[in-house]
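Asker: with the sequence up front, the predicted model follows.
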Number of protein chains: 2
Amino acid sequence: MDEVIADTLTEHLTRYNRDHKDQIIKSDLTGKSLWQVIPTDHHSALEMYLRTEGFFATLPIMPDSQRVLQAMQQKYEIFIASAAMELPTSFAAKFIWLERHFPFIPPSHIVFCGDKGILNADYLIDDNPRQFRRFKGEGILYSSPHNALITTYRRVENWLDVEKMFLS
Amino acid sequence: MDEVIADTLTEHLTRYNRDHKDQIIKSDLTGKSLWQVIPTDHHSALEMYLRTEGFFATLPIMPDSQRVLQAMQQKYEIFIASAAMELPTSFAAKFIWLERHFPFIPPSHIVFCGDKGILNADYLIDDNPRQFRRFKGEGILYSSPHNALITTYRRVENWLDVEKMFLS
């Protein structure tokens, strides 16, 4: 979900730059997480955003993700999985966000988990390569600055790439 | 989770009998859900309990489930999966309940989902045979009055049975 259909990073950058009068952009983050480029004493601010009521409610949607996922549903069974267990307070907001922006995904096909190795699926599109380690199917890396240097997996840059890979 | 490690039915019966001056006991429910034995115009009361703040926070624990699961962790990798998607308001309370009573299960091994067919596991212990339909491993039916007449699956009556099946 985060960094694949929900643009959590943009929301984080917007809030961080606004509150700290900084101008970090995505290309500053190649191979690194936002946590790695800001001063340690600002980490708690980032943590705080995640715990803010409304952070997950207002996340921007990744371009084309709605249209492509809905088209893919004609050919594939689609589940949305979110590694939400580190932030239990986010469940309800994430669920509402999905209901609002991806109403064609039924609740039965939403999964909140920690280790995505527990998923029984053929493909997993994720920005986090750690989630592929124990995944039984094929992991497809969704590009995000933090994973830019990883070469081990098939990669998609955006949802137009996903469309090409799965629907052409 | 519900009806396997959390005794949701006992909590439901306690609240229902108290509020409706009724005396329904578990043996009245053989082959039926509580929804099927109470008058239709009382259904909304049952729904209401589920939406009550605190319902999931105070659920009784199934006898021996903590001890047996902790012992099983020496030999198996254990995930707790809850079909929570029909009640998104219950996520946080369920998570807190698990943290409190099953602290040895790490958050990475908790899954909230709808259709448990998405789980990649060898066994699924569940009271709901519907969850076994698309499950890739073996479904083991945890006895509950509503499933008493089902003969299609291996069955455990309680956690001592689970212990015998997996640890002896």
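Answerer: Structure received. Residues are numbered from 1 along each chain as shown, chains lettered A, B, ... in the order given.
Asker: only C-alpha atoms from now on, for both contacts and neighbour counts.
Answerer: Fine.
Asker: confidence score at A:Arg130?
Answerer: A:Arg130 is assigned a pLDDT of 94 by the prediction.
Asker: can you give me the distance of it to A:Glu77?
Answerer: Distance of A:Arg130 to A:Glu77, given as Cα to Cα, to the nearest Å: 23 Å.
Asker: same check on A:Val4?
Answerer: Remark: distance between A:Val4 and A:Glu77 (Cα to Cα) = 17 Å.
Asker: what lies in contact with the helix or strand hosting A:Ala45?
Answerer: Using DSSP states H and E, A:Ala45 falls within helix A:43-51. For helix A:43-51, the external contacting residues (Cα atoms under 8 Å, 6 or more residues apart in numbering or on different chains) are A:His12, A:Arg15, A:Tyr16, A:Trp35, A:Phe55, A:Phe56, A:Leu87, A:Thr89, A:Ser90.
Asker: ok, the third one - how many residues close by?
Answerer: Just to be clear, that refers to A:Tyr16. Here the count is done by other Cα atoms under 10 Å in any protein chain shown, and A:Tyr16 has 20 residues near it.
Asker: ok, now the fourth one?
Answerer: Other residues lying near A:Trp35 total 14 when counted by other Cα under 10 Å.
Asker: in contact with it, which residues?
Answerer: A:His43, A:Leu46.
Asker: got a pLDDT number for the nearest residue to A:Val156 once chain neighbours are set aside?
Answerer: The spatially closest residue to A:Val156, leaving aside those adjacent along the chain, is A:Tyr142, at 5.1 Å (Cα to Cα, 6 or more residues apart in numbering or on different chains). Confidence at A:Tyr142, expressed as pLDDT, is 98.
Asker: what's the burial count for A:Tyr142?
Answerer: If you count neighbours by other Cα under 10 Å, A:Tyr142 ends up with 26.
Asker: same thing with A:Ser27?
Answerer: 11.
Asker: do the same with A:Glu53
Answerer: 13.
Asker: one step back: and the residue nearest to A:Val156, its phi and psi?
Answerer: With angles defined as degrees, to the nearest 10, A:Tyr142 sits at phi -90, psi 120.
Asker: so it sits against A:Val4, correct?
Answerer: Yes: using Cα atoms under 8 Å, A:Tyr142 is in contact with A:Val4, at 6.4 Å.
Asker: any shared contact partners between those two?
Answerer: Common neighbours of A:Tyr142 and A:Val4, counting by Cα under 8 Å, 6+ apart, are A:Ile125, A:Asp126, A:Asp127.
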